[in-house]
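Participant: structure of the sequence below:
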Amino acid sequence: MLKLLHAIQKKLILAIPLTMLAGLAAGIVWNPAPLKQLIVPLTFLMVFPMMVNLQLKKVIEGGDTKVQLVTQLLNFTIIPLFAFGMGKLFFADAPYLALGLLLASLLPTSGMTISWTGMANGNMAAAVKMTVFGLIIGSILTPIYIKGLMGTVIEIPMAKIFTQIMVVVVLPLVLGNMTQRLLIRRYGMAHYQKDLKPMFPPFSTLGVLGIVFVAMALKARSIADHPGQLLRLAVPLILLYGVNFVLSTLVGRFFFKRGDAIALVYGTVMRNLSIALAIAMTAFGKDGAEIALIIALAYIIQVQAAAWYVKFTDRFFGPAGEETVGQLMLEGVFSLHRSDTLQQALQLLAEEHIHSFVVLGENDRPEGMLSTSAVLDALADGLPRTITLSDLELEPLVVATAATPLREALQNMKRSHEYKVIVLDKNGRPANVLTQEELIRHLA
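Facilitator: Next up, the predicted model:
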C-alpha cells in the first residue's frame with residue numbers, strides 16, 4: 001500500500017489530471033450526490049498527515065528575518081490583491097470562481113515548498129519557517145480577506161469559515177504536533193526520522209486525490225454541458241502563477257543570496273491548495289464544488305510549474321555552492337552510553353533495524369561506533385552479554401558539522417571505511433546523522 005502511495009506521490013503531475021478525468025467520468029455516469037459524505041473524512045486524511053511532520057520548533061530559530069518578512073509581505077499583499085483583480089477581470093459573472101482564485105492565493109506554502117526548495121539546492125531551513133508562518137498567518141487572515149474583498153458580491157459565512165479553519169487547520173495542527181511528540185518519545189528522534197516520518201505524506205496525497213475526485217464528480221454534468229469551462233479557468237491561473245514566479249524571482253535575485261532567493265520563490269509560489277480545497281468543500285455547501293474546481297485545476301499548473309522552475313534555477317541565481325552535510329543530514333542519532341551493556345546493544349540493533357550506533361562517553365560526547373558485526377564478533381569470542389560497552393574496542397567515528405562540505409565528509413568516510421557521518425551540534429554532541437542511504441539517494 002505504502003509503495004503504491006509513494007509511487008503516486010512521485011507522479012503527482014499525472015495523478016491529478018487522471019483523477020480529475022476519473023471524477024468527471026464518474027459524475028456523468030452516476031449520481032455523485034452520495035460522495036458529499038466523503039468530504040470531511042477526506043479532508044482530515046489530506047491535512048492531518050502534513051501536520052504530523054510540521055516542524056513548529058523551527059519558528060523560534062533566527063538568522064533569516066529579512067527573507068521571512070519579505071516572503072510574507074508578498075504572500076499577503078501583492079499576490080492576493082493580484083488574484084482578486086484577476087477574478088474581477090475573468091470571472092465578473094461567476095463570483096464563486098473568483099472566490100476560488102482568491103482562496104488559492106490566500107494560503108501560501110505547503111510541504112512541497114520544502115521539497116522543491118531542497119531539489120533546487122535552496123535554504124531548506126528558511127523554507128520550513130516560511131511554511132509554518134504562512135500556515136498560521138493565512139489561517140488568521142483568510143476569513144478577513146474573503147469578507148473584505150468578496151463580501152459585497154457573495155454572502156460570506158464568516159462563522160462557518162472560522163469554524164472550518166479550526167477543524168481543518170488548527171485541530172489537525174494540534175493533533176499532528178501531539179502525534180509527532182508521542183512518536184518521538186516512544187521511538188526516538190532517529191527512528192521517527194528514518195522510518196516513521198516518510199509514512200505520512202503519501203496519505204496526504206491520497207486525501208488530495210480523493211477531494212479532487214469528489215469536486216470533479218460534483219461538477220461533472222456542468223462541465224459536460226460547457227466543455228470550454230476548463231480552458232476559461234486555466235487562463236487566469238496561468239497568468240497568476242506566471243506573474244508570481246516572475247515577481248518572486250526578481251525580488252530574490254536582486255535582494256537575496258541564492259539559497260534564500262530560492263526559498264522565497266517556492267515560499268510564495270507554492271500555495272497550500274489542500275487546505276484551500278478543504279475550506280471550499282466544507283464551508284460553502286453546494287457552491288463549494290464550483291470553488292474547488294478552480295483550485296483542483298491549480299494543482300496541475302502549480303506542480304508542473306514548480307518542476308520546470310527547478311531546471312532553470314542555476315540560470316536565474318547562478319550555480320549552487322558546494323553542497324554541505326546539513327543539506328542531507330537526518331535529525332536524531334541512535335546511541336548508547338559506555339556504561340550500557342552488550343545485551344542493550346543487541347536490543348537496540350534488533351528493535352530499530354539499524355546496522356550501527358554511537359557510543360557516548362562523559363558529557364554525552366561521542367567516543368566511537370559499534371556495528372552489528374562488532375557486536376556479533378564479541379559474542380563469538382565468548383564475551384558475556386552483561387559486560388559494558390567500555391570493555392569493547394570501538395570502531396572509528398566520522399564526525400562533521402552541518403557546515404562541513406559534502407566532499408570533505410565523503411573523503412573522511414573513505415579514509416575510515418565507515419559510511420555514516422555523525423553530525424555534531426554547536427555543543428559537540430551528536431544531533432544528526434548522514435547515512436550512506438541518503439547519500440546514494442541524493443547522488444542518484
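Participant: ranges for the helices of the stretch 101-250 of the chain?
Facilitator: With DSSP state H, counting those that start in this stretch as the criterion, the stretch 101-250 of the chain has helices at 111-119, 124-150, 158-165, 171-187, 189-191, 201-218, 220-225, 229-255.
Participant: centre of the chain to the second one, how far?
Facilitator: This points to helix 124-150. 15 Å (C-alpha atoms, centre = their mean, to the nearest Å).
Participant: reformat the helices of the stretch 101-250 of the chain as JSON lines; add distance to Met46 and mean neighbour count.
Facilitator: C-beta coordinates here come from the backbone N, C-alpha and C atoms, glycine included. Converted to JSON lines, the helices of the stretch 101-250 of the chain look like this (distance: least, C-beta to C-beta, whole Å; neighbours: other C-beta atoms under 10 Å):
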{"stretch": "helix 111-119", "distance to Met46": "11", "mean neighbour count": "22"}
{"stretch": "helix 124-150", "distance to Met46": "14", "mean neighbour count": "21"}
{"stretch": "helix 158-165", "distance to Met46": "13", "mean neighbour count": "16"}
{"stretch": "helix 171-187", "distance to Met46": "9", "mean neighbour count": "16"}
{"stretch": "helix 189-191", "distance to Met46": "26", "mean neighbour count": "20"}
{"stretch": "helix 201-218", "distance to Met46": "3", "mean neighbour count": "24"}
{"stretch": "helix 220-225", "distance to Met46": "21", "mean neighbour count": "15"}
{"stretch": "helix 229-255", "distance to Met46": "20", "mean neighbour count": "17"}
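Participant: nearest to His417, of the ones you listed?
Facilitator: Minimum separation from His417 across these (C-beta to C-beta) falls at helix 189-191, 22.3 Å.
Participant: what's in contact with that closest one?
Facilitator: Helix 189-191 has contacts (C-beta atoms under 8 Å, 6 or more residues apart in numbering) with Leu330, Glu331, Gly332, Val333, Phe334, Glu352, Val433.
Participant: still on that earlier bit, can I get the helices of the stretch 101-250 of the chain in JSON lines including distance to Asp93 and mean pLDDT?
Facilitator: Converted to JSON lines, those look like this (distance: least, C-beta to C-beta, whole Å; pLDDT from 0 to 100):
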{"stretch": "helix 111-119", "distance to Asp93": "33", "mean pLDDT": "76"}
{"stretch": "helix 124-150", "distance to Asp93": "14", "mean pLDDT": "84"}
{"stretch": "helix 158-165", "distance to Asp93": "24", "mean pLDDT": "76"}
{"stretch": "helix 171-187", "distance to Asp93": "36", "mean pLDDT": "86"}
{"stretch": "helix 189-191", "distance to Asp93": "54", "mean pLDDT": "73"}
{"stretch": "helix 201-218", "distance to Asp93": "21", "mean pLDDT": "79"}
{"stretch": "helix 220-225", "distance to Asp93": "15", "mean pLDDT": "75"}
{"stretch": "helix 229-255", "distance to Asp93": "11", "mean pLDDT": "91"}
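Participant: of those helices, which is nearest Leu410?
Facilitator: Here helix 111-119 is closest among the helices of the stretch 101-250 of the chain (C-beta to C-beta), at 19.2 Å.
Participant: ok, the nearest residue to Leu45 once chain neighbours are set aside - contacts?
Facilitator: Counting by C-beta to C-beta, 6 or more residues apart in numbering, Leu45 lies nearest to Gly207, which is 3.6 Å off, once chain neighbours are set aside. Counting by C-beta under 8 Å, 6+ apart, Gly207 makes contact with Leu42, Thr43, Phe44, Leu45, Met46, Val47, Pro49, Ser274.
Participant: got it, and Thr109?
Facilitator: Asn75, Ala127, Met130, Thr131, Phe133, Gly134, Leu135, Gly267, Met270, Arg271, Asn272.
Participant: for the first one, which non-adjacent residue is closest in space?
Facilitator: Yep, that's Asn75 we're talking about. Per C-beta to C-beta, 6+ apart, closest to Asn75 is Pro108, 4.1 Å.
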